[in-house]
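Chemist: just a sequence and a predicted model for now, questions to come.
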Amino acid sequence: MNYTILQNINSPEDLRKLTEAELPVLARELRDFIIDIVSVKEGHLGASLGVIELTIALHYVFNTPDDLLVWDVGHQAYGHKILTGRKDNFDTNRQWGGISGFPKRSESPYDTFGVGHSSTAISAALGMAIASNLTGDFEKHHIAVVGDASIASGMAFEGLNHAGVTDANLLVILNDNAIGIDPSVGALKNYLTSVKEGKNPRENNMIKSLNFDYSGPIDGHDITAVIKELERLKNTKGPKFLHIITTKGKGLEQAEKDQVKYHAPGKFDKLTGEIIPKSEENLPPKFQDVFGLTILELAEKNEKIVGITPAMPSGSSLKFMMDVFPKRAFDVGIAEQHAVTLAAGMATQGMIVYCNIYSTFLQRAYDQVIHDVALQNLPVIFCLDRAGLVGEDGATHHGAFDLAYLRCIPNMIVYAPMNEIGLRNMLYTAQLGLEHPIAIRYPRGRGVIVDWKKPFEKIEIGKAKLLKEGDRIAILSTGSIGNNVIPALVNIDDPKDFSHYDFPFVKPLDEAMLHTIFNTHNVIITLEDGAAKGGFGSAIAEFAAQNNYTKKIEILGIPDEFIEHGTVGELQRYSKIDAKNLQIIFENCRNY
């Protein structure tokens, strides 16, 4: 495709040389460029298509990077990346060794703040604005672009609350398209809808009441109107708030019509927009669907079961239950802290609560897990989707730390199934009446068993299982990464040296089994799809120290660094926990 204007834009300085009349043409070319690349390389789509005019206008009006622009989450920052010097390598987006799918400080001076989790932009931009005041730089502008789903989060409100009593040169732009990954929910969403429809009197404006100079709502796709308003706000001091209305997926008909599916659609035909189907015949299920279908099956038989998710009903597959039991399954919006304490409150009243939160996002509610759940020993069932290495979303999204940050909490049971049947049976066991909270962690993507929907079996808490018996070296794995051990051992010469044990319970550990292992093997190897520091392997090393075992222990897992983006296979190879690297490590352990 011929990009007559975009081909000459390598920085915002080049952009500012254009006339306003040329900008709509640039907007069309920028949309086409994103569609061209993402249709083949995959990635997030709808969010960036929706803010093309805003992106151009921001870099046209403000003197970036001296003026500081912070994108919330970063799903919508593709246009920003292309205009700020990354056009020529945008086709490496989210690939191993390529550019990140999210703004990243180490990648570009235009990426002023690293993002990936939501609702941080207002606080970050406010911090920058206050710092500018303290250093006497009163002319610098600080802009936070926040979505209507993100602004409903508690942290965003905390930032607004503080900003309203400062003289900071802060501009908050609300990109209101009524959808995050799934449709936005809650009373604030209803309020914003009434504002858009002109049903809310201007004097009854909650943003103005927080001492912001409020303007809008305006059409976010009218680039002339957006530029005009940004120019006005550029000369207005103090905290400002611009409300713009956009359409997620703008410019691609199918993406506008099905905004959930086209948030990150995979490969698609760039001309027709039709998603290229992937054959799913005879494939194992996704772990998230095992969760979603199993909890629905259980809820049909037990009316005390409820489900909670913070803004991930499709991603977690809680939507299966929401469709059948809408009054018993709750999307609380981007509000992980609220989700956890809501679950705790329900548990006090005898409800059986499955709280489904991605592993990386549960980090945002750590105090609530400790203070509101574990301290009171409430039997909340945490279902941690996307545990371990998640792939192309990279460092902000890997579920690398849950084993380490959960196993240190008193009363907490931590369980990592090796396969779909283990997940299904623990979801069943958890609703039979546990005396403690439990975290069930499982990976993104598909499992290994096609015929997984077996009759339920109760799991005995704290028990490990011998999968293969050997006589010298014991491999102890937890979770689905244990499936990499099997092919590694198949390819080893004389594998009788090796035992393989599945330890689904990281807490409580099967200490009886561990005593047997340490008394009958010379070398202990632990394997986990989590941080090697502080996780399952550390728990085994602690057990050995406490019981005066001096056997050699080799701890395998995610190394002590933030792992970048790439396919799960590439990231496992980098972390040396793929089958081929495991085979080499196992063979080397024979020398101990």
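Modeler: Received it, and whenever you're ready, just let me know what you need.

Chemist: and stretch 466-477, C-alpha only, in CSV?
Modeler: Extracted in CSV, the C-alpha atoms of stretch 466-477 (Å, rounded to 0.1, in the frame of the first residue of the first chain):
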residue,chain,number,x,y,z
LEU,A,466,4.7,-40.5,41.8
LEU,A,467,4.5,-40.5,38.0
LYS,A,468,7.7,-42.4,37.2
GLU,A,469,9.9,-44.4,39.5
GLY,A,470,13.7,-44.2,39.4
ASP,A,471,16.6,-44.8,41.8
ARG,A,472,19.0,-41.8,41.9
ILE,A,473,17.6,-38.5,40.7
ALA,A,474,14.2,-37.2,41.7
ILE,A,475,12.5,-34.6,39.6
LEU,A,476,9.8,-32.7,41.5
SER,A,477,7.5,-30.6,39.3
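
Chemist: now that stretch, how far from the centre of its chain.
Modeler: In terms of Cα atoms, centre = their mean, to the nearest Å, the centre of stretch 466-477 is set 34 Å apart from its chain centre.

Chemist: can you list contacts of that stretch?
Modeler: 418, 464, 482, 485, 489, 495-503, 513, 517, 520-528, 536, 540, 586, 589-590 (Cβ atoms under 8 Å, 6 or more residues apart in numbering). All C-beta spots, glycine's among them, are computed from the backbone N, C-alpha and C.

Chemist: tell me which residues in that stretch are buried?
Modeler: 467, 470, 473, 474, 475, 476, 477 (16 or more other Cβ atoms under 10 Å).

Chemist: for the last one, grab phi and psi.
Modeler: In other words, residue 477. phi -120, psi 150 (degrees, to the nearest 10).

Chemist: check the fifth one too.
Modeler: Here is the backbone geometry of residue 475 (degrees, to the nearest 10): phi -100, psi 120.

Chemist: same question, the fourth one
Modeler: The main-chain torsion angles of residue 474 are listed as degrees, to the nearest 10 and equal phi -110, psi 120.

Chemist: follow-up on the earlier one: including distance to residue 434, could the buried residues of stretch 466-477 go into a markdown table?
Modeler: Conversion of the buried residues of stretch 466-477 to a markdown table gives the following (distance: Cβ to Cβ, whole Å):
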| residue | distance to residue 434 |
| --- | --- |
| 467 | 25 |
| 470 | 34 |
| 473 | 34 |
| 474 | 29 |
| 475 | 29 |
| 476 | 24 |
| 477 | 24 |
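
Chemist: what does the worst-scoring helix or strand of the chain on mean pLDDT rub up against?
Modeler: Least confident helix or strand, the chain: helix 187-196 with a mean of 78, by mean pLDDT, DSSP states H and E. Residues from elsewhere that reach helix 187-196, judged by Cβ under 8 Å, 6+ apart: 148, 151-152, 174, 176, 178, 200, 205-206, 217, 243, 245, 333.

Chemist: greatest separation within those: which pair is it?
Modeler: 205 and 333 (21.1 Å; Cβ to Cβ).

Chemist: need the next SSE after the biggest helix by length in the chain, C-terminal direction.
Modeler: For the chain, the helix with the greatest residue count under DSSP state H is helix 23-41. Downstream of helix 23-41, the next assigned helix or strand under DSSP states H and E is helix 46-50.

Chemist: packing partners of that next one?
Modeler: Counting by 3 or more Cβ pairs under 8 Å, 6 or more residues apart in numbering; DSSP states H and E, the packing neighbours recorded for helix 46-50 are helix 23-41.

Chemist: elements contacting the helix it packs on?
Modeler: Using 3+ Cβ pairs under 8 Å, 6+ apart, helix 23-41 is in contact with helix 46-50, helix 52-61, helix 78-81, helix 223-234.

Chemist: go through the ones you listed and name the closest to residue 159.
Modeler: Here helix 223-234 is closest among those (Cβ to Cβ), at 18.0 Å.

Chemist: for the closest one, what is the average pLDDT?
Modeler: The average of the pLDDT scores along helix 223-234 is 97.

Chemist: the following helix or strand past it pairs with which strands?
Modeler: As assigned by DSSP H and E, the chain's next helix or strand after helix 223-234 is strand 240-245. Strands adjacent to strand 240-245 in the sheet, as given by DSSP bridges, are strand 170-176 (parallel), strand 213-219 (parallel).

Chemist: what is the mean pLDDT for the last one?
Modeler: Predicted confidence along strand 213-219 averages 92 (mean pLDDT).

Chemist: repeat for the first one
Modeler: For strand 170-176, the per-residue pLDDT values average out at 95.

Chemist: just the CA coordinates for that strand, please, in CSV.
Modeler: Extracted in CSV, the C-alpha atoms of strand 170-176 (Å, rounded to 0.1, in the frame of the first residue of the first chain):
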residue,chain,number,x,y,z
LEU,A,170,-2.2,18.1,34.3
LEU,A,171,-4.5,17.2,31.4
VAL,A,172,-6.6,14.0,31.8
ILE,A,173,-8.2,12.8,28.6
LEU,A,174,-11.0,10.3,28.9
ASN,A,175,-11.2,8.1,25.9
ASP,A,176,-14.8,7.1,26.2
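
Chemist: show residues contacting it.
Modeler: 50-51, 54, 76, 122, 125-126, 129, 141-148, 151, 160, 163, 192, 196, 212, 216-217, 220, 233, 238-246.

Chemist: same deal with the last one?
Modeler: Residues from elsewhere that reach strand 213-219, judged by Cβ under 8 Å, 6+ apart: 174, 176, 195-196, 205, 207-208, 225-226, 229, 232-233, 236, 238-245.

Chemist: hmm, try it at 7 Å
Modeler: 176, 195-196, 205, 207-208, 225-226, 229, 236, 238, 240-245 (Cβ atoms under 7 Å, 6 or more residues apart in numbering).

Chemist: list the helices and strands the strand ranked longest in the chain packs on?
Modeler: Across the chain, the longest stretch assigned as strand under DSSP state E is strand 523-531. Applying 3 or more Cβ pairs under 7 Å, 6 or more residues apart in numbering; DSSP states H and E, one finds that strand 523-531 makes contact with helix 402-407, strand 473-477, helix 536-546, strand 552-558.

Chemist: okay, now the domains of this structure?
Modeler: Here the domain parsing of the chain from automatic domain parsing is 6-263, 287-441, 465-589.
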